[in-house]
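In: quick one: sequence plus predicted model below, questions after.
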Amino acid sequence: MPEQRFHLHARVSTENPAAIRPILERLFSARSITRSEDPHEFVVEGHLDGPGARDLNRSLLTSLRQAEKRTRLRSEWTCGGTTERFFDYVHKGTTVAPTSKRA
């Protein structure tokens, strides 16, 4: 299966932000990572290449949980007008952007 480029919007909650931040910085640019109002939460906007949203989500959460077991990931992966949402490893739904019809 060919790799596709996915846009990620995610909220990462953790008990140990100091352990999680280096992993996020390794995967995404520092500009892509911001702290939310909650001191235990990061907001991530970035791009990753991979075979599918489910595989990328699983890989990201596994990497984060190797550093801190009590880490939660709420993510939206968008590619080609399709957005897939996840909470941790669980797929929560798929949304397809409407296409405009031209006459």
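Out: Everything's here; your move. Numbering: from 1, shown residues only.
In: just after the helix ranked longest in the chain, pick out the following helix or strand.
Out: Longest helix in the chain by number of residues (criterion: DSSP state H): helix 53-67. On the C-terminal side of helix 53-67, the nearest following helix or strand under DSSP states H and E is strand 71-79.
In: list the buried residues in that next one.
Out: For strand 71-79, a neighbour-count test (16 or more other Cβ atoms under 10 Å) marks 71-73, 75-79 as buried. Any C-beta I mention is one placed from the backbone N, CA and C, and that applies to glycine too.
In: now do the buried residues in the helix or strand just after it.
Out: Using DSSP H and E, the helix or strand that follows strand 71-79 in sequence is strand 82-87. Neighbour counts over strand 82-87 (16+ other Cβ under 10 Å) mark 83-86 as buried.
In: the following helix or strand past strand 82-87 packs against which elements?
Out: The helix or strand immediately downstream of strand 82-87 is strand 90-96, counting by DSSP H and E. With contacts taken as 3 or more Cβ pairs under 8 Å, 6 or more residues apart in numbering; DSSP states H and E, strand 90-96 sits against strand 82-87.
In: so what are the sheet partners of the strand it packs on and their directions?
Out: strand 71-79 (antiparallel), strand 90-96 (antiparallel) (DSSP bridges).
In: between those strands, which one is nearest to residue 12?
Out: strand 71-79 (5.7 Å; Cβ to Cβ).
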